[in-house]
Structure formats: structure tokens, C-alpha cells
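1. Take this sequence and fold it.
(chains A and B)
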Amino acid sequence: MNNRYELNKNLAQMLKGGVIMDVTTPEQARIAQKAGACAVMALERIPADIRTAGGVSRMSDPKMIKSIQEAVTIPVMAKVRIGHFTEAQILEAIEIDYIDESEVLSPADDKYHIDKNQFQVPFVCGAKNLGEALRRISEGAAMIRTKGEPGTGDVVQAVRHMRMINQQIRQLANLREDELYQSAKELQVPYDLVQYVHQNGKLPVVNFAAGGIATPADAALMMQLGAEGIFVGSGIFKSGDPQRRAQAIVKAVTNFNDRNILAELSEDLGEAMVGINEQEIDVLMALRGE
Amino acid sequence: MKRIGILAVQGAFFEHKVMLKELGAEVIEIRQKNHLENIELDGIILPGGESTVIGKLLRELDMFNPLKQLIDDGLPVFGTCAGLILLAKESINEDESYLASMDISIKRNAYGRQLDSFQVIHEFKDIGEIPMIFIRAPYIISTGNEVEILAIVDDNIVAAKQNNMLVTSFHPELSKDLNVHKYFLNMI
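-> Reported below is the predicted structural model:
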């Protein structure tokens, strides 16, 4: 792996213990930064609205992304469609800090993900299980997140993915060396990545939780389950008091193990986003891209 | 055994922990005000992360004043990247300063965006050549009389020391080189 890839993994390390927030305007970006976001995800519509609107959803207008880059000093991320390497080239041209190859947008390719090793800017990708995470890493992802189920306010899938990834990591760590070849075959991933996980008991990149996180308690739950940080999408700007809720989630991620602080932070946050249960939705975005 | 606190409200604190343990120090994660007040520390590390987030959490978790007091009373402190920003007296491209304990003027995100992050191997005073990893890093523009400059890369000051305070704009904790952490432990 080259030096640029290491530097890109390093940036994700700096985001650890932090909250990355979805924003659609420079004004929201400023609110997010003021509330303590460690980075923002610039997009035209937040996942809850993408879900409602339906239709094909694509990379955001570069002009809109640039206006957000100008509004804040923290890193700015933006989404491209799965497999749409030209959208990624465009984001690299405007010097985005991180690209999210995201199932939230309509996939552009139903077979191939972007060869992320061909880019200088870092990528974050979603994963439901260890095989998916390691495939994305071998394609060059410098950061992994759970896929959750964006725009629902229902945390069940993020929990499922995080538990699954960490269970599979623990299993690999406990195998004999000579059993790893079979694991590589079963997981459909390169042997050297399987060996890394076996030796280190963790992914070679930072792993965040994303999808359906709507409260400080949701965020702390994900951290206790082993997430290294949190993405919050619709949960903040679809709630009654975004600034207050954003601040509470940031503090909950820092003190995720302190129940007294969590109790205090959960008080009086106004209305949470309404949310949809997993069973009530037609499109499961998490199933996009394996 | 030296007992070192690591400010652990956000950022890459785990990496510092690994290095300090390798050097035989006891490490305590500092997340709340009472950790600062009730635990006797020999030194503290302010890690890399987002300075806006760490600065804000210091204030909101009521840790700002006790931390500043400890540092101003002489507690050895080592700030990397965001930690350097927190310690600086002023930033030329930001209105806000934080602990403002160290007589340096700095520039935040001085090199640009992530595409401008880089690594070099460079001379560090009294140590020799070490790897230096810069991630959306700041650098030091000017220093007061009491500040000793420890490293200059491309005409920019990237490491300095003032009495009990050590700062680097790069991340020794992201390399495998323990020398800067050893240097800090020797300040105690």
C-alpha cells in the first residue's frame, strides 16, 4: 500500500470519537460545526427526504458542495453512487476531503464498486458484514461504516451490522493460522486482509456506525458495541431542535460509558425525527452493493 | 512509573496510549472534569483530532479551566496537531484561541485540504531524523522569546518547546517511532 493510502487512513483516525453530520446547506454546516461535528457530509437531500422523494438520486451539485467547503473549517465529505467513478473524479477535482461511495444514492453499477486505489482522496464505504468490509478495503476504502438503514431513524440495522462485523472479527482472531485460507475463501476476500484481522483483532481501518441513529442513547449504544465514531444523517436536521440534539449526540459519543451523563443529555431534546420501522419500508438501501 | 493522562474527548488518543505503554508509562484517559481534579498526573497529552470539537467539549464538560490551571502551574503537556492549536496563544486564521498557554502564533489547516496531507523524514533537534506525518496540519508562524524551536520543515516551524510545553504539528503517534514520546517523558 502506498503512502497516500496511509495518510488517508490517518485522517479517519483523527475523526475517531467524533460525529459526522449530514448537511444540505452552508447554514446547516455552520450549525453542525458549532454543535461539535468532527466533519460534515454535504448532500442535496438528507436520506429521509431521498427515501420520500424516490426516483434516481445522484452526486450533489459541486457548487453546493463548494459553498459548504467555504462555510466550515472541519473536513467536508460528499457521496457518490456505488460504482460511479466519474462522480468520484469530479469530487476529487474539487478537493473533497472524503468520498462516501454510498448505497443511499441510486447505484450506478450493479456489479462493480469503484477501484478506489486509483484515487488520491480517501473513500469511506458501507458494510453489513466482515466480508463486505474487507472487499471494500481491498478496493482501497480508507474507512468503513455500517450501512444501517438510512433515513429511517430506526437503529436496528446499524446494530445488526456492527454486531455481525465484530462477531466475525472475534471468530477470525480465534482461528488457527492454517484455517485462515478457508476463511479467505468463505469471506471472498484477499488472504492478507484475513491475516491482518486474525493478528490484530480489528479491521485495518477505522470503523464508524451509520444509519438510523436519532438520539444520544442510539449513538452511545453504537459506541458501546464497538463503533469508533458516528455518522448522523436525518436524525439531526429532521428533529425539532437540531442544534441541541446535535450537541447532545456529540457529548454522548465522548462519554458513551457514563450513564449519569447520558441520562442528563437525553433530557428535553424536543421532538426526535418521526422514523419508519424497518418492516414498513419498500426499499432496503443496505442491500445495494455487496 | 510515570502516570500520563491523555485527553480523550475526541480524536486519535488510542494511538498515543499504545506508544506510552510501550515506553512503560501508566496511561489514564481523561474524559471528565473529575478525572482532572481527582487523579494525580505526571503529564498530559492533548492528541490530534478536530480542534473545534475538542475545544468545544473542553468548555462544555467544564474541563477548560482546571486543565489550563494545571498547565499554567507547570504540568508537563505534549500537544500534537489539534493539541498544538489548543495550546497556542493565537491563530492567524481563526478568531478563537483556546488554552492560550504557549507563546506561539499558528495557522490552522495551514497546508490545505486532505490532498495536501503528507509525510517526510526530517531532523528533530536533539533526536535526529524521524518520520513526520502531517494530516490537515497547522504550523507555527512565530514564537515568543521563551520558545525553543525543535523542527523546521520547508521554512515552517513544526515542533517547539516552552518550559513544560511540547508541541508538534505532525503526528509522532501515527508512526512507529517512539523518540518524540521519549523526549516528552524525559521532560517530566
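2. which residue is nearest the middle of chain B?
-> Taking CA atoms, centre = their mean as the criterion, B:G79 is the residue nearest the geometric centre of chain B, at 0.8 Å.
3. for it, phi and psi?
-> Torsion angles at B:G79 (phi, psi; degrees, to the nearest 10) stand at phi -110, psi 130.
4. how about the nearest residue to it, chain neighbours excluded?
-> Excluding the flanking residues, the one nearest B:G79 by CB to CB, 6 or more residues apart in numbering or on different chains is B:L46, at 4.1 Å. The way it works is simple: take the backbone N, C-alpha and C, and place the C-beta from them, glycine included.
5. Go ahead and confirm that neighbour touches B:L7.
-> Yes: the criterion here is CB atoms under 8 Å, and B:L46 meets it with B:L7 at 5.1 Å.
6. Run a quick neighbour tally on A:F119.
-> A:F119 sits with 20 neighbouring residues when counted by other CB atoms under 10 Å in any protein chain shown.
7. what about the nearest residue to it once chain neighbours are set aside, distance to A:P26?
-> The shortest distance from A:F119 to any residue other than its chain neighbours is 5.8 Å, reached at A:E92 (CB to CB, 6+ apart). Applying CB to CB, to the nearest Å, the value for A:E92 to A:P26 is 21 Å.
8. Please enumerate the helices of the stretch 151-290 of chain A.
-> Applying DSSP state H, counting those that start in this stretch to the stretch 151-290 of chain A gives helices spanning A:156-173, A:180-187, A:191-200, A:216-224, A:234-237, A:242-254, A:259-265.
9. What is the longest one packed up against?
-> Taking 3 or more CB pairs under 8 Å, 6 or more residues apart in numbering or on different chains; DSSP states H and E as contact, the helices and strands that helix A:156-173 lies on are helix A:130-138, strand A:143-146, helix A:180-187, helix A:191-200, helix A:216-224.
10. Out of these, which one sits most buried?
-> Each of the helices and strands packed on helix A:156-173 was scored by mean neighbour count; the highest is strand A:143-146, a mean of 28, by mean count of other CB atoms under 10 Å in any protein chain shown.
11. Retrieve the pLDDT associated with A:I281.
-> Looking at A:I281, its pLDDT is 69.
12. should've said A:Q168
-> 98.
13. The one 5 residues further on now?
-> As predicted, A:A173 sits at a pLDDT of 97.
14. Count the residues that sit near the nearest residue to it once chain neighbours are set aside.
-> Once flanking residues are discounted, A:A173 sits nearest to A:G201: 4.4 Å by CB to CB, 6+ apart. When neighbours are defined as other CB under 10 Å, A:G201 has 13 of them.
15. so the helix or strand encompassing A:C125 versus helix A:130-138, what angle?
-> For A:C125, the host element (DSSP states H and E) is strand A:123-127. Counting by axes from the mean of the first three to the mean of the last three CA atoms, to 10 degrees, strand A:123-127 lies at 170 degrees to helix A:130-138.
16. What pairs with strand A:123-127, parallel or antiparallel?
-> According to DSSP bridges, strand A:123-127 forms sheet pairs with strand A:98-102 (parallel), strand A:143-146 (parallel).
17. which residues does A:L262 contact?
-> A:216-217, A:220, A:252, A:255-256 (CB atoms under 8 Å, 6 or more residues apart in numbering or on different chains).
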